[in-house]
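Undergrad: next one to model:
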Amino acid sequence: MRCLWKTLFIVGGLFLLAACDNSERANQAIEPMAKAQSEDELLSQIKAVGVLKVITRNAPTTYFIGRDVMPRGPEFDMADSFASFLGVELEVVEKNSIQAVISALKNKEGHIAAAGLTQTKSRAAEFMFGPSYQDITQQVVCRRDNVQPESIEELIGLDIMVAAGTAYS
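TA: I've put the predicted structure just below:
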């Protein structure tokens, strides 16, 4: 089981790469990364700095602060386990939207993003993705007291809201 987690975190943890830190120590150890940089080079840089910076967003399926005022969520749990496996501290960089996560990654505000991101062609052209670990089925959610379409054709003419910057938009 430990080997499975190791593989999942090394490959899955490196799904979106970038590097930057405002601290002097981090700036000395981490250089801006290209998509072509190897996982070994990134891991060496993270270990040299002693901190894994993970960009995420506050959502129940990714990362949130629980009732006990402790960080929680599947993405947080994986990032925390990955940092522990590497023997480094975890630093969470919280953003308020998927667009902000992608922008922060482009601006090298963290090493990886763990924010429930969908792999799209345009994102894959810019960032390295690890294997997917969860399948999501898109759904249309309607109010009970309103129209409840049962086919794609019944959506024609309805106002549909989709979060900006998501793969769904």
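Undergrad: would you tell me which helix is longest in the protein?
TA: When the chain is parsed with DSSP state H, its longest helix is helix 74-86.
Undergrad: that one: which residues count as buried?
TA: Burial within helix 74-86, assessed by neighbour count using 16 or more other C-beta atoms under 10 Å, is assigned to 75, 76, 78, 79, 80, 81, 82, 83, 86. In short, each C-beta sits where N, CA and C put it, glycine included.
Undergrad: residue contacts, residue 115?
TA: 55, 56, 57, 59, 62, 63, 75, 95, 98, 101 (C-beta atoms under 8 Å, 6 or more residues apart in numbering).
Undergrad: what are the ranges of the strands in this protein?
TA: 51-57, 64-65, 71-72, 89-95, 112-113 (DSSP state E).
Undergrad: so which of those strands is the most surrounded?
TA: With neighbours taken as mean count of other C-beta atoms under 10 Å, those reach their highest mean count in strand 112-113, at a mean of 27.
Undergrad: list the pairing partners of it within its sheet, with orientation.
TA: strand 51-57 (parallel) (DSSP bridges).
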